[in-house]
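Engineer: sequence and predicted structure, then a few things I'm wondering about:
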Amino acid sequence: MILPPPVNSSLPQTFLCGIWKRLLSHSLREYHVTRRTYSSSSGGHSCLPSTRKQGEVFIGSIVVCHLFIMNESGEANDPKPVRLIVAACRNMGIGLKGNLPWNLPNEFKYFLAKITSVSDPGKKNLIMWGRKSFETFPESLLPLPNTVIALLSKTLRSAPKYVQYICPDVHEIIKLGSTPPLSKEIETIWVLGGAKPYMEMMHHPWCDQIFFTKIMADFECDTFFPVFDKDIFNLAEGFPGIPSGIQEENDITYEFQVYNRNGRNGK
Ligand SMILES: NC(=O)c1ccc[n+]([C@@H]2O[C@H](COP(=O)([O-])OP(=O)(O)OC[C@H]3O[C@@H](n4cnc5c(N)ncnc54)[C@H](OP(=O)(O)O)[C@@H]3O)[C@@H](O)[C@H]2O)c1
């Protein structure tokens, strides 16, 4: 028996119970449908779990079911901090021909450490990744510890190895991570690019921090980090766990920066 999550709402309980009965029957109905035709039954409007074995399919249908309740109430059950992490050079370039324009191994280690660390050892981070950025990530580093990966794609029909979900837009990933059952596991939603996911998520109200590596050099780039409003995101002076001062690698200098939204300083 799957119990409903706590609902923070002023709606009368009887009304909510009615909704839950409807949702449960919808879910059971969905279960029977998806057992037969799951590969095409997600409707293209919610995240497709990577595995399609019976039993797990039911969890998938429950996710769809919870997305439905959130759409009706207009609020998420369990909001999560959303954080962007990026390295950009002087012209705000972040990529060239599908790859990083620079080779900065220590900067890359910092990036990996951030996205895989959790303060609660029982939790994981939800990784939001554009398809192209994921495709150029070294497969030898996968699976990433403490993470659940959700890829943004409207074209992929099955999940690549090590990817748990494929979602058609950023909002579906936010719903996925902030709605049971997955929200119980998730600590932070990390946005790893590319350009469009960064652009969309920096405007999301749950986006409280941008982890920005400022590369003090010029590189030819064809992909760029969007301009962000420094009146909204303020540069933190000294941030716990972030190496301070100018770093240098392969004759390139750079600095780890954190921008907090309107003075919020995260956890
Ligand atoms: N310096 C850094 O920190 C950093 C970080 C990330 C990436 N990069 C670089 O940036 C480049 C890749 O970024 P990119 O902007 O070209 O591509 P991307 O965002 O990684 O991938 C683009 C693809 O992802 C899917 N997608 C992206 N946003 C979506 C959205 N809002 N809704 C639905 N689907 C979405 C689409 O896939 P479908 O076509 O399958 O629908 C789209 O074609 C590479 O050069 C990479 O190395 C650098």
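Structural biologist: Looks like it arrived, so ask away.

Engineer: residue in the stretch 151-267 of the chain nearest to the ligand?
Structural biologist: Gly194 (2.2 Å; Cβ to the nearest ligand atom). Glycine gets a C-beta too; all of them are placed from N, C-alpha and C.

Engineer: grab the nearest non-local neighbour of Glu248.
Structural biologist: Nearest-residue entry for Glu248: Tyr254, 7.8 Å, with adjacent residues in sequence omitted and distances by Cβ to Cβ, 6 or more residues apart in numbering.

Engineer: ok, now how distant is the most centrally placed residue in the chain from Lys214?
Structural biologist: Of all residues in the chain, the one closest to the mean position by Cα atoms, centre = their mean is Met128, 3.1 Å from it. The gap separating Met128 from Lys214 is 22 Å, by Cβ to Cβ, to the nearest Å.

Engineer: quick one: terminal-to-terminal distance for stretch 201-216?
Structural biologist: By Cα to Cα, to the nearest Å, the extent of stretch 201-216 from end to end equals 25 Å.

Engineer: list the buried residues in it.
Structural biologist: Across stretch 201-216, burial judged by 16 or more other Cβ atoms under 10 Å covers Met201, Met202, Trp206, Cys207, Asp208, Gln209, Ile210, Phe211, Phe212, Thr213, Lys214, Ile215.

Engineer: show me what contacts the first one?
Structural biologist: Contacts for Met201 were tallied using Cβ atoms under 8 Å, 6 or more residues apart in numbering; they are Val82, Leu84, Met128, Val170, Val191, Cys207.

Engineer: for it, give me phi and psi.
Structural biologist: The phi and psi values for Met201, taken as degrees, to the nearest 10, are phi -80, psi -20.

Engineer: what's the following helix or strand after the helix or strand hosting Lys175?
Structural biologist: Applying DSSP states H and E as the criterion places Lys175 in helix 170-178. Moving toward the C-terminus from helix 170-178, the next helix or strand (DSSP H and E) is strand 186-191.
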